[in-house]
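In: Here's my sequence, what's the structure:
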Amino acid sequence: MFGMDFLPKSLLMLTPDGRLLFLTRILRLFGYGFLSVILVIYLKSIGLSQDQVGWLLALTLVGDAVISLGISLIADTVGRKYMLRVGALLMVFAGILFAFTDNFAFLLLAAVIGVISPSGNEVGPFLAIEQASLSHLVGDDKRTGVFAWYNLLGFCATALGALMVGVFFKTLTGLRLDVLTSYKIIVLIYGVLGLVLWFLFGRLSGKIEVNAQEKPLNFTELLNSRLGIHQSLPLVLQLSSLFALDAFAGGFIMQSLLAYWFHVRFGADIAVLGVLFFGANLFAGVSSLLAVRLARRIGLINTMVFTHLPSNVLLVLVVFMPNLTWAGIVFLLRCTISQMDVPARQAYLMAVVAPSERSAAGGIANVARTLGASFAPLLALPLLGTPTLAGIPIILAGGLKIIYDLLLFYNFKKSSSPEGH
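Out: Numbers count the residues shown, from 1 in each chain. Here you go, the predicted model:
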C-alpha cells in the first residue's frame, strides 16, 4: 500500500486488535511522559517535604505493583480485556485525586490504589497483559520485532509527552494562570487519558484472550497453582529477582527524579526539561528498535548485557559534567543504547514460558521490577536535596546496573529460547 512501505512486515501483519494495543500503549506512555517531568516539582510546590515526596513515590510504585500482580495473575482466567479496563479506571482515579487535593493522606490513597508513573515508564497491569495478548496475535518469529516497535512507539510517545508538557506549561502560564494551577491542569489531563483508554480497551475482541486449546487455568486451579505459573516458576523467579535488582538501580534515576536533579543541579526550567527528556526518550526508543537486528546476530541475552553495560558507564559520567550542556549531551548519548535490552528481555521472558503462563509471568516480572524500584526514591530524595550529595543516586544506579548485567550474563549466557536466541 502506498505510504506504508516504510513499515516492517511485523507491523503490517498486525490484526485490528494488535493495532489497537499499539494505540493504547502510545496514549498511555504519552500520559506517563507528560506527567513525570513535573511530578516531583509539583509535589514540592503543594508543600510536601522531601520525606513525604519520597514516601509518596515509593508507595505509588508499591501500590502499582500489588494491583499489577493481582490483575495480571487473574487476567488469563477472568479476561484480559476486562482487567485492562479496570487498570484504565485506576489511572482516572489517581489523576483526579492528585489534581484536586494537597492532603498527604488522600495523596497516599491515590498513590497506593491508583495507577500513576513517576518514572515515565510502564506501571500497573497493562504491560504484562498487552504483551501476553500480542504474543497470541503474532508468531514466534515476529515477537521480538513486534516488541521492539511496541517499545519504540512507547518511548516516542513518552518523548512527545515530555516535550508537550513544557509547551503546555508555557502556554498556561502565558494565559496568566498561576504556576500551581497550571500543574494541576496537567495532572488532570493525565486522568482524562485514563478515561480514553477505558473506552479503547472496550473495543478489543475476544481474540486477545487465552484459547481453549491452551488450557487456561480456572479460578480454583489458579489458586492451587504457584502464582499462576504451573511449569516455569523457578525460571520466572530467578529472572524476576535479577530484574528487581536492575529496577532498584533504575529507581534512583526515574524520570521525575532525574528531572528534579537537572532542575536543582543546573537550574533547568520546565521547557528545557521537556526538550531534554523528549530527546532522551526518542533516542531510547530508536535504541530498542536497533536491538532486533542485534539480537538476531548475537542472541537475546548477549544483546541485553553488551548494550546495557556501556550505557551504565555513561550514566555515571553524567554526574561529573561541568554544566547543563555537557551533562545533557552525555545523558542523551547514554540514551542511544540504554533501552536496547528491553525488547530482548520481554521477548525472552515470553518465549521461555508456556502461552497460558504469559500474563502471570509478565505480571510477576513487572511486579518484581516495580517493587525493586519502589525503595530507591526513599534513599534518593534526601540525597538530591543536599547539593554535595546530589550525584550519589546516579552513581549508585550505574554501579548497581553493572552488577545486574554481570549476574545476568553469568547465569544465562548458555541459555537459549524457543526463538533460537
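
In: Now for the protein, the helix or strand with the poorest mean pLDDT.
Out: Every helix and strand of the chain was ranked by mean pLDDT, DSSP states H and E. The lowest is helix 219-224, at a mean of 49.

In: what sits up against the helix or strand just after that one?
Out: Using DSSP states H and E, the next helix or strand after helix 219-224 towards the C-terminus is helix 233-251. Identification of contacts with helix 233-251 by C-beta atoms under 8 Å, 6 or more residues apart in numbering yields 61, 119, 226-227, 229, 345, 349, 352-353, 357, 361, 364-365, 367-377, 380, 396-401, 403-404, 407-408, 411. Every C-beta, even on glycine, is put in place using the N, C-alpha and C of the backbone.

In: swap in stretch 81-94?
Out: Stretch 81-94 has contacts (C-beta under 8 Å, 6+ apart) with 24, 28, 31, 67, 71-72, 74-75, 110-111, 113-116, 124-126, 129-130, 190-195, 197-198, 201-202, 204, 206, 208-209.

In: Let's see the PyMOL selection covering just the buried ones among those residues.
Out: In PyMOL, a selection of the buried entries from those looks like this (16 or more other C-beta atoms under 10 Å):
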select buried, resi 24+28+31+67+71+72+74+75+110+111+114+115+116+124+125+126+129+130+190+191+193+194+197+198+201+204+208+209
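
In: Just the ones in strands from the contacts of stretch 81-94, please.
Out: Among these, none falls in strands (DSSP state E).

In: give the contact list for the residue lying closest to Leu384 once chain neighbours are set aside.
Out: Distances taken as C-beta to C-beta, 6 or more residues apart in numbering put Ala390 closest to Leu384, at 5.2 Å, once the chain neighbours are dropped. By C-beta under 8 Å, 6+ apart, the contact set of Ala390 is 261, 264-265, 383-384.

In: Would you map the helices across the stretch 251-400 of the chain?
Out: 255-266, 270-298, 300-318, 324-335, 341-352, 358-374, 376-384, 392-412 (DSSP state H, counting those that start in this stretch).

In: so how far is Ile41 from the residue nearest to Leu384?
Out: Distance, Ala390 to Ile41, by C-beta to C-beta, to the nearest Å: 15 Å.

In: again, but for Arg19
Out: Distance, Arg19 to Ile41, using C-beta to C-beta: 36 Å.

In: In terms of neighbours, single out the busier of those two.
Out: Ile41 (19 against 11; other C-beta atoms under 10 Å).

In: Verify the stated contact: that one with Val264.
Out: No - the criterion here is C-beta atoms under 8 Å, and Ile41 misses it with Val264 at 9.8 Å.

In: Poorly predicted segments of the stretch 101-250 of the chain, please.
Out: 139-141, 143-144, 211-231 (pLDDT under 70).

In: hmm, try it at 90
Out: Along the stretch 101-250 of the chain, the parts satisfying pLDDT under 90 run over 108-156, 158-159, 162-163, 165-168, 170, 173-174, 176, 205-241, 247.

In: Counting neighbours, what do you get for the residue nearest to Gly202 when sequence neighbours are not counted?
Out: Spatial nearest neighbour of Gly202, chain neighbours left out: Arg85 (6.2 Å); criterion: C-beta to C-beta, 6+ apart. Here the number of neighbours of Arg85 (other C-beta under 10 Å) works out to 18.

In: sec struct for Arg85, please.
Out: helix (DSSP: H, G, I helix; E, B strand; the rest coil).

In: quick one: contacts for Ile154?
Out: Rather than Ile, residue 154 is Gly. Taking C-beta under 8 Å, 6+ apart, one finds 25-26, 29, 122, 285 in contact with Gly154.

In: among those residues, which two are most distant?
Out: Spanning the widest gap among the contacts of Gly154 are Glu122 and Gly285, at 13.3 Å by C-beta to C-beta.

In: Remind me which helix or strand Pro118 belongs to.
Out: Using DSSP H and E, no helix or strand contains Pro118.

In: Contact partners for it?
Out: Counting by C-beta under 8 Å, 6+ apart, Pro118 touches 36, 39-40, 57, 60-61, 254-257, 377.
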